[in-house]
Each structure stands twice: as structure tokens, then as C-alpha cells.
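A.B. asks: Here you go, sequence then predicted model.
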Amino acid sequence: VEIRMNIPYKFENTQEALDELCALIRNFIKGTEINDKKIMNICINISGRVNPESGYSFSMFNFSECPLADILTERIGYPVCIDNDTRAMTYGEHMQGCVKGEKDIIFVNISWGLGIGIIIDGFSGEFGHVNVFDNEILCHCGKKGCLETEASGSALHRILLERIGSGESSILSKRTAENPPTLDEIITAVNKEDLLCIEIVEEIGQKLGRQIAGLISIFNPELVIIGGTLSSTGDYIVQPIKTAIRKYSLNLVNKDATVTISKLKDKAGVVGACMLARSRMFEI
């Protein structure tokens with residue numbers, strides 16, 4: 001009915017950020033021509049560990065013994081359910097995106113963090129924060145060596161700044177520590193054929209593709225969807241992923257898996273939230 005994207009909001013694990021989120025949702029509803037009596041359910045996507053059945057969020061906004069979904073329901077004034085953001089994106093692609101009858105799907109959300117959603121015979125799961133690297137880089141989950149520390153938007157941002165700091169050249173080299181480039185600006189630089197940015201994205205694709213190869217060997221999916229912010233770099237991220245998959249998984253298995261870019265792109269989470277809200281309403 002109506003969609004608004006890129007509303008300014010700083011997603012932090014604070015009571016103030018939760019208050020602002022509730023206010024943004026209420027203001028959005030008031031600012032539309034939607035008959036509010038027709039709003040039957042609201043689904044909110046949240047990163048981290050979420051139990052959609054009980055309504056608890058364990059990584060973000062876990063400030064009370066009461067389920068977050070119940071708190072949001074009271075604060076916003078409508079029935080609210082919650083789900084993990086990558087699961088919602090996976091479900092969006094499954095219901096309205098590039099899935100055309102495939103039942104076994106892996107959706108890779110390469111944004112600031114890294115999430116992987118898995119649908120096996122129509123059932124959705126979530127996979128992330130696998131300990132892969134022997135490094136001392138602290139992940140936002142609190143552990144070291146997670147895949148996300150080397151294969152994500154935050155990794156791209158960190159590695160670029162490190163390599164510029166060591167003297168390598170980029171069109172972003174003149175940015176200072178006080179004014180570092182945003183992830184969107186780095187992706188723009190990739191698409192403007194900045195060699196350093198492209199090289200780092202390709203390295204990330206190779207690291208990620210090696211882990212996806214393991215998932216393909218386990219689940220034998222028909223479709224692997226690359227989504228999230230970094231997917232907008234197109235072949236710069238997809239081709240290294242495909243190469244690593246071919247290198248690190250059996251040809252007998254990977255030949256059945258098509259690797260493609262998300263069709264819904266940055267709307268995958270929005271569409272997934274709508275579809276989840278509808279499905280939860282019918283479950284009730």
C-alpha cells in the first residue's frame with residue numbers, strides 16, 4: 001500500500017533507540033492514508049538471536065523479562081510479531097522474489113554484518129557466526145574468529161581503512177580517520193572500478209564462497225541467493241563466490257545449485273516482514 005525507505009535511524013541496543021523505533025512506526029501509520037482499523041499485524045525485523053514463536057529478542061532490546069513482541073504491541077498499539085532480519089529477507093525472496101518453485105534455498109545477507117537464511121523443503125532456518133578464522137578480531141556477537149569478521153560490510157570497511165593506512169591507493173584515500181567513508185561510499189567506489197575496493201570485495205567473496213561450499217555440500221540446495229548491501233556490487237562479489245564454490249565443493253553437488261543476485265534487493269526485508277506478518281496472523 002505504501003513504502004518508505006532510508007528513514008534516518010541509528011540501530012543501537014539502547015532503550016532510547018527502542019523508543020525512537022516505536023515513535024517512527026507510529027508516525028508512519030499516522031502519516032499514511034491507511035485505515036488504521038485495517039492493520040491486523042506488524043512484523044519487525046531485528047538482527048541477532050530472535051525467537052519468533054515466543055516473541056523474545058536475545059541480542060537486541062532485551063531489557064525486560066517480558067517478550068519484546070508484547071512490549072512493542074503495547075507501545076505501538078497493534079499486534080506485533082518479530083523475526084530475525086535475514087530470515088525475513090529469505091522469506092521475502094521465497095515468497096515474492098527470485099524463487100520459482102525451488103524448495104531448498106540458501107539466502108546470503110552480506111550487509112554490515114553477515115547472515116545466512118536456509119529454507120529446506122519450505123522450512124526456514126538461520127545460520128551465522130560460524131567460527132572460521134584464527135584471528136583476534138572481536139565480532140559484535142562477543143566472540144573472535146567469526147566468519148563475519150572477514151566476510152561482511154564491516155570487514156570491507158575495516159580492511160579498506162587498514163590498507164589505505166598502510167599506503168595503498170584508492171579514490172577514498174583522502175578520507176581521514178575523523179571522516180571515514182561509509183559502506184555505501186565504498187560500494188560506490190567498487191562500482192566506479194576502484195581497484196583496491198574491488199580487490200577487497202573479491203577477497204571477501206572468496207572467503208564467503210568457501211563457507212557456502214560447505215553449506216552446499218550439507219544441504220544440496222537448488223538456489224543460492226546473494227543479497228544485502230554488498231550484493232549491489234554485482235559480479236565483483238558473485239563471481240569470486242561462484243569460483244570458490246566450484247573449488248571447494250564436489251561438482252556432483254554444486255552443479256545443481258544456481259547462484260544468483262537477490263531480485264528484491266533492499267526491499268527483501270520489507271516484503272518478508274509483510275509476508276511473515278500475514279502468515280502469523282493466519283496461524284493465530
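C.D. replies: Perfect, thanks for sending it.
A.B. asks: what's the distance between the nearest residue to residue 95 once chain neighbours are set aside and residue 81?
C.D. replies: Spatial nearest neighbour of residue 95, excluding adjacent residues (C-beta to C-beta, 6 or more residues apart in numbering): residue 275 at 4.6 Å. C-beta here means a position set from N, CA and C on the backbone, and glycine is covered the same way. Using C-beta to C-beta, to the nearest Å, residue 275 is found at 12 Å from residue 81.
A.B. asks: And these two? Which one has more around it.
C.D. replies: Taking other C-beta atoms under 10 Å, residue 275 and residue 81 do not tie; residue 81 has more neighbours (22 against 17).
A.B. asks: what's across from that one in the sheet?
C.D. replies: Residue 81 has these beta-bridge partners by DSSP bridges: residue 43.
A.B. asks: residues near the residue lying closest to residue 77 once chain neighbours are set aside, how many?
C.D. replies: With sequence-adjacent residues excluded and distances taken as C-beta to C-beta, 6+ apart, residue 77 is closest to residue 26, at 7.3 Å. Residues lying near residue 26 (other C-beta under 10 Å) number 14.
A.B. asks: wait, residue 26 sits on residue 72?
C.D. replies: No. Using C-beta atoms under 8 Å, residue 26 makes no contact with residue 72, being 10.9 Å away.
A.B. asks: For the residue nearest the centre of the chain, give me phi and psi.
C.D. replies: Among the residues of the chain, the one closest to the centroid is residue 109, at 3.7 Å (C-alpha atoms, centre = their mean). Backbone torsions for residue 109, taken as degrees, to the nearest 10, come to phi -100, psi 100.
A.B. asks: Contact partners for it?
C.D. replies: Contact partners of residue 109, counting by C-beta atoms under 8 Å, 6 or more residues apart in numbering, are 85-86, 89-90, 115-117, 227-228.
A.B. asks: one more time with 6 Å
C.D. replies: 86, 89, 115, 227-228 (C-beta atoms under 6 Å, 6 or more residues apart in numbering).
A.B. asks: now, among the residues you listed, which is nearest to residue 40?
C.D. replies: residue 89 (22.3 Å; C-beta to C-beta).
A.B. asks: element containing that closest one, please.
C.D. replies: For residue 89, the element it lies in under DSSP states H and E is helix 85-96.
A.B. asks: Buried residues of that helix, list them for me.
C.D. replies: For helix 85-96, the neighbour count (16 or more other C-beta atoms under 10 Å) marks 85-96 as buried.
A.B. asks: Turn those into TSV, columns for distance to residue 258.
C.D. replies: Formatted as TSV, the buried residues of helix 85-96 follow (distance: C-beta to C-beta, whole Å):
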residue	distance to residue 258
85	24
86	20
87	21
88	22
89	18
90	16
91	19
92	18
93	13
94	15
95	18
96	18
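A.B. asks: re earlier: how near is the residue nearest to the centre of the chain to residue 153?
C.D. replies: Relative to residue 153, residue 109 is positioned 10 Å away (C-beta to C-beta).
A.B. asks: same thing with residue 4?
C.D. replies: Distance of residue 4 to residue 153, computed by C-beta to C-beta: 23 Å.
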